[in-house]
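Peer 1: Got a predicted structure here, sequence first:
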Amino acid sequence: LYTGFCSPSYCHCSSVHGSVYGGCLKSSGIYLYCTFQQQGNSKQLHTPTNILLLSLAVSDFLVGLLLMPLEIYKKITCWGNIMCFLYGFLIAHIVSASIGTIVLISADRYVAICHPLHYPVKITMTKVKCCVCLCWISNAFYRILFFKDELFQPGRSNSCIGQCAFVTHYLAQLVDFTLNFIVPITVIVFLYLRVFVHSVNLKTKKSELKAARTLGVLIVVYLMCYCPYYCYSLVEVNLTSTSYASFLFFLYYFNSCLNPVIYALFYPWFRKAVKLIKLFTHLNNAEINI
């Protein structure tokens with residue numbers, strides 16, 4: 001039963017959050033645009049690895065385009081039950097798809113470095129496209145199953161009208177923690193260690209080593225951003241009612257802002273595309289001034 005109306009939880013540092021979220025959207029948008037542009041202009045970049053990078057770019061862009069603005073909007077308004085369910089579903093689905101894509105990227109790098117002769121046969125464009133589609137579709141079905149109680153009875157976890165709460169069984173949280181954090185991290189670290197050992201023992205191409213280093217940085221950033229949230233979510237505490245909620249969600253989303261920065265530091269084609277964007281911007285400004 002509802003005990004009354006809930007007032008919106010206004011964010012005291014909304015300007016800071018808005019600036020950071022805007023930066024995340026901008027960097028993710030540039031990342032997505034550069035990936036599309038380079039894959040469209042250069043047939044050499046039509047590779048399985050870049051298909052995976054495109055999937056990661058899409059998920060990061062959706063975080064900046066949808067999740068971050070909705071997170072700010074949720075703090076200043078009261079939502080209906082359907083909107084609240086869609087918000088929770090989008091958060092879980094997009095972030096899980098991003099995690100799954102990172103696992104696929106690590107598997108791609110493992111085969112490329114440890115089994116280079118088998119790479120053209122095992123990792124093809126068709127197989128990678130199927131894996132990416134399967135990753136997104138399977139995550140959607142999993143999230144529908146995870147939120148099935150909220151789907152059939154929206155607002156069941158709310159104690160007042162306007163609240164946006166999700167209360168699930170502790171066992172379900174533990175399973176979700178295992179599937180979306182423990183298993184991906186275990187697979188990624190295992191594959192990366194195999195790549196590291198193989199690279200030390202044998203001479204590996206410089207380009208492959210650079211890709212492996214990029215994956216290593218990606219793992220560290222992933223742990224820094226996701227570990228606090230997942231660990232804290234296992235505690236029997238309602239995140240929406242604590243002072244740590246804003247920081248944890250900010251850190252959770254900030255990973256999508258850092259991914260484009262990581263790839264900008266390690267991939268020359270990305271830096272080249274950014275320079276082209278700057279050049280076209282200056283040309284357009286010059287035409288307007290004329």
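Peer 2: Yep, it's here. Numbering: from 1, shown residues only.

Peer 1: show me where pLDDT drops low in the protein?
Peer 2: Residues of the chain meeting the criterion pLDDT under 70: 1-46, 75-76, 154-163, 165, 167, 200-212, 233-246, 260, 263-290.

Peer 1: mind listing the helices for it?
Peer 2: 14-41, 48-62, 68-76, 81-114, 119-122, 125-146, 148-152, 170-177, 183-201, 206-233, 245-266, 268-289 (DSSP state H).

Peer 1: How about Ser98, nearest residue that isn't a chain neighbour?
Peer 2: Residue nearest to Ser98 in three dimensions, not counting chain neighbours: Ser59, with 3.9 Å by CB to CB, 6 or more residues apart in numbering. Backbone N, C-alpha and C define where each C-beta goes, glycine included.

Peer 1: Give me the distance between the one you found and Leu67.
Peer 2: Plainly put, Ser59 is 10 Å away from Leu67 if you go by CB to CB, to the nearest Å.

Peer 1: who touches both of these two?
Peer 2: Here Ser59 and Leu67 share the contacting residues Ile94, scored by CB atoms under 8 Å, 6 or more residues apart in numbering.

Peer 1: re the thing from before, was I right about the residue nearest to Ser98 contacting Ile94?
Peer 2: Yes: in this structure, Ser59 is within contact of Ile94 by CB atoms under 8 Å, at 5.5 Å.

Peer 1: so what's Asp108 up against?
Peer 2: Asp108 touches Pro48, Thr49, Leu52, Ile123, Val128, counting by CB under 8 Å, 6+ apart.

Peer 1: Now render those as a markdown table, adding distance to Cys84.
Peer 2: Below are the contacts of Asp108 laid out as a markdown table (distance: CB to CB, whole Å):
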| residue | distance to Cys84 |
| --- | --- |
| Pro48 | 38 |
| Thr49 | 38 |
| Leu52 | 32 |
| Ile123 | 40 |
| Val128 | 35 |
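
Peer 1: Which members of the residues you listed are the farthest-apart pair?
Peer 2: Spanning the widest gap among those are Leu52 and Ile123, at 9.9 Å by CB to CB.

Peer 1: Please compare those two by neighbour count and tell me which comes out ahead.
Peer 2: Between Leu52 and Ile123, counted using other CB atoms under 10 Å, the more crowded position is Leu52 (25 against 19).

Peer 1: and that one, what does it touch?
Peer 2: Contacts of Leu52 (CB under 8 Å, 6+ apart): Thr101, Leu104, Ile105, Asp108, Val128, Val132.

Peer 1: count of neighbours near the first one?
Peer 2: Around Thr101 there are 24 other residues, counting by other CB under 10 Å.

Peer 1: quick one: it from Leu174, how far?
Peer 2: 24 Å.
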